[in-house]
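Undergrad: sequence plus the predicted model coming up.
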Number of protein chains: 2
Amino acid sequence: MAKREKRITIYDLAKSLNIAPSSVSKALNNSHAISSKIKKMVEDKAKELNYVHNTNAANLRRGFTRIIGVIVPKINESFFANIIAGIEKGCVQHEHSLIICQTEESLEKEVNAVQTLIRQNVDCILISLSLETQSTAHLEEIKNNHIHFIQFDRVSPAIESYTVVNDNAAAAYQAVAHLAKQGYQKIAYFGGPAHLNLYQERKLGYKNALKDLGLTFNQAFVKDEIISKENGLQEALRLLQADVKPDAFLCTSDYVSLGVLEALKTLNLTSPKDIGIIGFANEMFTQLIAPSLSSVNQFSYEMGQQIAELYFNEVMKNKENEELKSVKVKTEIVQRASSSR
Amino acid sequence: MAKREKRITIYDLAKSLNIAPSSVSKALNNSHAISSKIKKMVEDKAKELNYVHNTNAANLRRGFTRIIGVIVPKINESFFANIIAGIEKGCVQHEHSLIICQTEESLEKEVNAVQTLIRQNVDCILISLSLETQSTAHLEEIKNNHIHFIQFDRVSPAIESYTVVNDNAAAAYQAVAHLAKQGYQKIAYFGGPAHLNLYQERKLGYKNALKDLGLTFNQAFVKDEIISKENGLQEALRLLQADVKPDAFLCTSDYVSLGVLEALKTLNLTSPKDIGIIGFANEMFTQLIAPSLSSVNQFSYEMGQQIAELYFNEVMKNKENEELKSVKVKTEIVQRASSSR
DNA sequence: CTGTTAGCGCATTCAC
DNA sequence: GTGAATGCGCTAACAG
């Protein structure tokens, strides 16, 4: 783009007020060490001359930027969009800006995003890992450059950091307990890639609940790479046509629940009568379709706010080597028709 | 945040290679005026010493930033989330970063967002106006600071700029034509605030279609401030209990369609038999509920891509005073159950 | 409280 | 092709 025409600087203000540039700087930054008289003078003159602060120059001088970088798999998945909205809210309150990157579930793009953000001198990187990510060398780079670092939702235990996550094990446990209470006994689990912490934990919660409730665990009812409606449809069809059939599904995504629902239609089964279903994320559509879908509300917007809070209240202020806190975001079973009998 | 420890600079690279800093800079920027031998040397050394380019310093020196600012009403509305995702895609291709702001439909926040972005020295601001926005002084500031400027979706004609929008008049026209073809005759229009261009145009398209098709226009069937499910429910109840009732609704939002649907249930009417419905935006849920909802697909992700394309292919390269192009994004009537009889 | 000085890290003249 | 000098605009350290 064309270079800007020469812009008004603090030197211009200083000259036209016959004071020192540093006084102008202090006045504009609301420093204690400046009289309110000069502050007023400077502010008025700044308005008069249409002065705009050059954040870039200040950043260079200061060494920090008041910019936070966020990396998510997909901006336009409602779960992540809500988180970003929550983070943005916190950033505005603390006068920070937000640079957003999406990985589209690709490790390569994630690595690039991290590099870009490091070069931009962001103060902190907030990241939810891509499905592909199993190595963490690029995350080590964040630390090497002394940039603050919070993982959320999809986090890697392979690298130490602050984290913000749902209590996924508890959520899955409660979901199973809920299904059992409604009289379902043979509960299947449809999870995502097992290398991701959150799916491991949900599976763990599922297993523990079965054990505690005295329900039998059947390995054939546990599937790990089910992350889309299509996956859910196919796998549900397979299970429901086997000799030993489940009578309920715990899906780790509402989209997978949709697939299961479609499988039921194909096989002339109904929910909740024949088969119970509960999903994760409490997507908008779960309350609109028939039967309405039970789901685990993950409070994504609140998660975003808590991520921001964690950064501004703790991480930003901390000295080196403080304890790395792990924040748990509440969850809630939203019972709807698909699991009510 | 804590100041970074002293980082490797081009001076460090220069010293350890016994060449001039400026040569390092040129090598890293792939300048013509540098031998490939030195380029190689520099690159290797950079990797060895873990050099990271300081974008901030470069920006200050250059006068531009390769950062684009986006301002939308709500990040987590799927329409805007999709647009942002599309823009981000284009930015990555052209090695630009994206700063995101949301206004939550507040003019005050919009003004703040614009100021922040100007101070950040973004190269371009992409904006979709808040519902409150009727003045444009803050947008003039963008121009005064010689920052490129594209309006999309919700644009103000009060300020000249590049624009990217759907052909809203044509879309509404086609929606009415579609309803008419399905045998609906008394079509109501539920639009948003009339000061916004896109609602004006949709209403215009609606009126023109009625005229061209020989359908009677009834002022009582036209409502302008209907933007939520609740609004839609209330207003539909009112219209459907009046003496002269509509037999179809053109809603400028799918959420409003939901409200209309609920009104029908309350009144023991059914769609599409008694009442036809078509909405705007083609939200995910429109295909999931019963009856499935017809809608105008606005191709939001593609809109995002086209915004980015417009910037990188035209705006960024242009000299001053070129023609301000207005890009139209295609739309498409997605016919589903709610308008099929 | 106010002013002087220096330099953040880089890209860009302009010499050579 | 390469190098030496300059300054983008700001803030921080220090002196007064």
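TA: Ah, there it is. Please read these numbers as outputs of a predicted model, since none were measured by experiment. Numbering: from 1, shown residues only, chains lettered A, B, ... in the order given.
Undergrad: how near is A:P73 to A:I83?
TA: Here A:P73 is placed at a distance of 11 Å from A:I83 (CB to CB, to the nearest Å). To be clear about C-beta, it is placed using only N, CA and C from the backbone, and glycine gets the same treatment.
Undergrad: quick one: which of these two has more around it?
TA: When A:P73 and A:I83 are compared on other CB atoms under 10 Å in any protein chain shown, the one with more neighbours turns out to be A:I83, at 32 against 23.
Undergrad: can you get me a residue count around the nearest residue to the more buried one once chain neighbours are set aside?
TA: Closest residue to A:I83 in three dimensions, ignoring its sequence neighbours and counting by CB to CB, 6 or more residues apart in numbering or on different chains: A:G304, at 4.0 Å. Applying the criterion other CB under 10 Å, we find 29 residues in the vicinity of A:G304.
Undergrad: repeat that for A:D44.
TA: Taking other CB under 10 Å as the neighbour definition, A:D44 ends up with a count of 11.
Undergrad: what's the helix or strand that contains it packed up against?
TA: When elements are assigned from DSSP states H and E, A:D44 belongs to helix A:36-48. Packing partners of helix A:36-48 (3 or more CB pairs under 8 Å, 6 or more residues apart in numbering or on different chains; DSSP states H and E): helix A:10-17, helix A:21-28.
Undergrad: quick one: pLDDT of A:N321?
TA: Taken from the predicted model, the pLDDT recorded for A:N321 is 60.
Undergrad: same check, this time on A:A33
TA: In this model, A:A33 carries a pLDDT of 87.
Undergrad: which residues touch it?
TA: Shown here is A:A33, whose contacts under the criterion CB atoms under 8 Å, 6 or more residues apart in numbering or on different chains are A:K26.
Undergrad: what about it, which SS state?
TA: coil (DSSP: H, G, I helix; E, B strand; the rest coil).
Undergrad: can you give me the distance of it to A:R62?
TA: Taken as CB to CB, the span from A:A33 to A:R62 is 17 Å.
Undergrad: centre of the chain to the helix or strand hosting A:K109, how far?
TA: Secondary structure assigned from DSSP H and E places A:K109 in helix A:107-119. Here the centre of helix A:107-119 is set off from its chain's centre by 17 Å, with CA atoms, centre = their mean, to the nearest Å.
Undergrad: any bit of it sitting next to chain B?
TA: Yes. For a cut-off given as CB under 8 Å from any CB of the partner chain, helix A:107-119 has contacts with chain B, namely A:K109, A:N112, A:T116, A:I118, A:R119.
Undergrad: could you dump the helices and strands packed on helix A:36-48 to TSV with distance to DNA strand D and mean pLDDT?
TA: Rendered in TSV, the data for the helices and strands packed on helix A:36-48 read as follows (distance: least, CB to the nearest atom of the strand, whole Å; pLDDT from 0 to 100):
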stretch	distance to DNA strand D	mean pLDDT
helix A:10-17	4	94
helix A:21-28	3	94
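Undergrad: which of the ones you listed sits closest to DNA strand C?
TA: helix A:21-28 (3.3 Å; CB to the nearest atom of the strand).
Undergrad: name the residues of stretch A:188-197 that are buried.
TA: By neighbour count on 16 or more other CB atoms under 10 Å in any protein chain shown, the buried set for stretch A:188-197 is A:A188, A:Y189, A:F190, A:G191, A:G192, A:P193, A:L196, A:N197.
Undergrad: from those, which ones fall inside helices?
TA: For the buried residues of stretch A:188-197, membership in helices holds for A:N197, with DSSP state H as the criterion.
Undergrad: so which of the buried residues of stretch A:188-197 is the closest to chain B?
TA: The shortest gap between chain B and any of the buried residues of stretch A:188-197 belongs to A:F190, at 18.7 Å (CB to the nearest CB).
Undergrad: tell me if I'm right that that closest one and A:A248 touch.
TA: No. Contact between A:F190 and A:A248 fails when scored by CB atoms under 8 Å: they sit 11.1 Å apart.
Undergrad: so for the residue of the stretch 151-300 of chain A at minimum distance from DNA strand D, what's the pLDDT?
TA: Going by CB to the nearest atom of the strand, DNA strand D is nearest to A:Y162 of the stretch 151-300 of chain A, at 25.2 Å. Model confidence at A:Y162, given as pLDDT, is 96.
Undergrad: where does the stretch 101-250 of chain A have low pLDDT?
TA: For the stretch 101-250 of chain A, applying pLDDT under 70 flags no range at all.
Undergrad: near chain B, which residues of it? Just list them.
TA: Near chain B, when you scan the stretch 101-250 of chain A using CB under 8 Å from any CB, you find A:101-102, A:109, A:112, A:116, A:118-121, A:123-124, A:144-146, A:148.
Undergrad: chain center to stretch A:112-132: distance?
TA: Offset of stretch A:112-132 from its chain centre (CA atoms, centre = their mean): 13 Å.
Undergrad: using PDB, list the CA coordinates for it.
TA: Included here for stretch A:112-132 are C-alpha records, laid out as PDB according to Å, rounded to 0.1, in the frame of the first residue of the first chain:
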ATOM      1  CA  ASN A 112       3.100 -21.000  10.400                       C
ATOM      2  CA  ALA A 113       0.600 -19.300  12.600                       C
ATOM      3  CA  VAL A 114       2.900 -19.600  15.600                       C
ATOM      4  CA  GLN A 115       5.800 -18.200  13.700                       C
ATOM      5  CA  THR A 116       3.700 -15.300  12.400                       C
ATOM      6  CA  LEU A 117       2.600 -14.400  15.900                       C
ATOM      7  CA  ILE A 118       6.100 -14.600  17.300                       C
ATOM      8  CA  ARG A 119       7.300 -12.300  14.700                       C
ATOM      9  CA  GLN A 120       4.400  -9.900  15.400                       C
ATOM     10  CA  ASN A 121       5.700  -9.700  19.000                       C
ATOM     11  CA  VAL A 122       2.400 -10.700  20.500                       C
ATOM     12  CA  ASP A 123       2.400 -10.700  24.300                       C
ATOM     13  CA  CYS A 124       0.600 -14.000  24.500                       C
ATOM     14  CA  ILE A 125      -0.500 -16.900  22.300                       C
ATOM     15  CA  LEU A 126      -3.800 -18.700  23.000                       C
ATOM     16  CA  ILE A 127      -4.000 -22.000  21.200                       C
ATOM     17  CA  SER A 128      -6.300 -24.900  20.700                       C
ATOM     18  CA  LEU A 129      -4.400 -27.600  18.800                       C
ATOM     19  CA  SER A 130      -5.300 -29.000  15.400                       C
ATOM     20  CA  LEU A 131      -6.300 -32.600  15.000                       C
ATOM     21  CA  GLU A 132      -3.000 -33.300  13.300                       C
END
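Undergrad: ok, now which ones touch whichever residue of the stretch 201-341 of chain A sits closest to chain B?
TA: Scanning the stretch 201-341 of chain A for proximity to chain B using CB to the nearest CB identifies A:F285 as nearest, at 4.1 Å. In this structure, A:F285 makes contact with A:D254, A:L258, A:L293, B:M284, B:F285, B:L288, B:I289, judged by CB under 8 Å, 6+ apart.
Undergrad: a strand runs through A:L250, doesn't it?
TA: Yes. Looking at A:L250 with three-state DSSP, it is inside a strand.
Undergrad: can you count the residues close to it?
TA: The tally of other residues near A:L250 (other CB under 10 Å) stands at 33.
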